[in-house]
Every structure is written in structure tokens, then in C-alpha cells.
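# Next one to model:
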Amino acid sequence: EKTEPYFLFIFCVEASLKILALGFCLHPHSYLRNIWNIMDFVVVVTGFITLFAQDDIEVDLRTLRAIRVLRPLKLVSGIPSLQVVLKSIIKAMAPLLQIGLLVLFAIVIFAIIGLEFYSGVLHKSCYSLEDLGNINMTKMVM
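Have a look, this model is predicted:
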């Protein structure tokens, strides 16, 4: 938390220099026409919002602070070979999502089968060793 303003200042200077050099958004090669620069801009703006927000507002800023996770991706914006690798990983996510949904479906089916097999089997299964007719509710594991 103590280093947050310093990193924010560095990122703000970087974004300001890029905006000065490229222009903001009007011509074809401007700052906001590149998706990586949009991500950088969002990180800087949310950093300012979380830094200068008053404590008396009722908006929860934890979700905005979670955007700080995108800061390591700023490295990708400077190295084109990392952009190629990241784009290929993102393109590989669609088939993996379909496989993940299939696995989730199988887990749900096995969970339903398990519930049907074991429904009521473990009911009243914690008994006292001294008195087998008495159920011991204090030693039941939740």
C-alpha cells in the first residue's frame, strides 16, 4: 500500500508520454486505438480512483483495487513476442472451456448419483460407545 502512489506516478508518466507522442484517440494510430494501451489506461485511471477516493463514499473499491492484477500485463504491451504468446493462449482457451464444461457436467452427474446412493445412510451414525442406544450429537463431525 505504501508503494502504490509511486507505481501510479510511474504508470501515469508513461501513459502521459504515450498520449503526448501518439495523440489520444482521434487518428488511426493514436493511444486508445491499441488494445494494450486501453488496458494501461484503465489500470492508471482505476489507480487514481482508488487513491483519491474519500472514505465517506459508500462504494466498495475492492473490485477496483483488484484491477491492479493487470499491472504485470503492462510488460506485454512493450514486448511484441509476448503479445503473440498471450494471444495464442487466449485463442486456446475456447476449446479448453468446452472441455471444462464437459468435466463439470460429469462431476454434477456423479454428485447426483452419490447423493442418491448415500441419502440417509449416514443419518444418526454418531453413537456413544458407553450407551449404543443414545446418539452423541456433541462428537458429530460437521
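
# list the helices and strands the strand or helix carrying residue 89 packs on?
Element membership for residue 89, per DSSP states H and E: helix 80-118. With contacts taken as 3 or more C-beta pairs under 8 Å, 6 or more residues apart in numbering; DSSP states H and E, helix 80-118 sits against helix 74-78. From N, CA and C alone the C-beta is placed, and that goes for glycine too.

# neighbouring contacts of the helix it packs on?
Surrounding helix 74-78, the residues in contact under the criterion C-beta atoms under 8 Å, 6 or more residues apart in numbering are 11, 34, 36, 37, 39, 40, 43, 82, 83, 86.

# Quick one: buried ones out of these?
By neighbour count, with 16 or more other C-beta atoms under 10 Å, the contacts of helix 74-78 hold 11, 37, 39, 40, 43 as buried.

# Turn these into JSON lines, including distance to residue 25 and secondary structure.
As requested, the buried ones among the contacts of helix 74-78 are exported to JSON lines (distance: C-beta to C-beta, whole Å; DSSP: H, G, I helix; E, B strand; the rest coil):
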{"residue": "11", "distance to residue 25": "19", "secondary structure": "helix"}
{"residue": "37", "distance to residue 25": "10", "secondary structure": "helix"}
{"residue": "39", "distance to residue 25": "15", "secondary structure": "helix"}
{"residue": "40", "distance to residue 25": "14", "secondary structure": "helix"}
{"residue": "43", "distance to residue 25": "17", "secondary structure": "helix"}
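
# which one of these is nearest residue 114?
Proximity of the buried ones among the contacts of helix 74-78 to residue 114 (C-beta to C-beta) peaks at residue 39, which lies at 43.2 Å.
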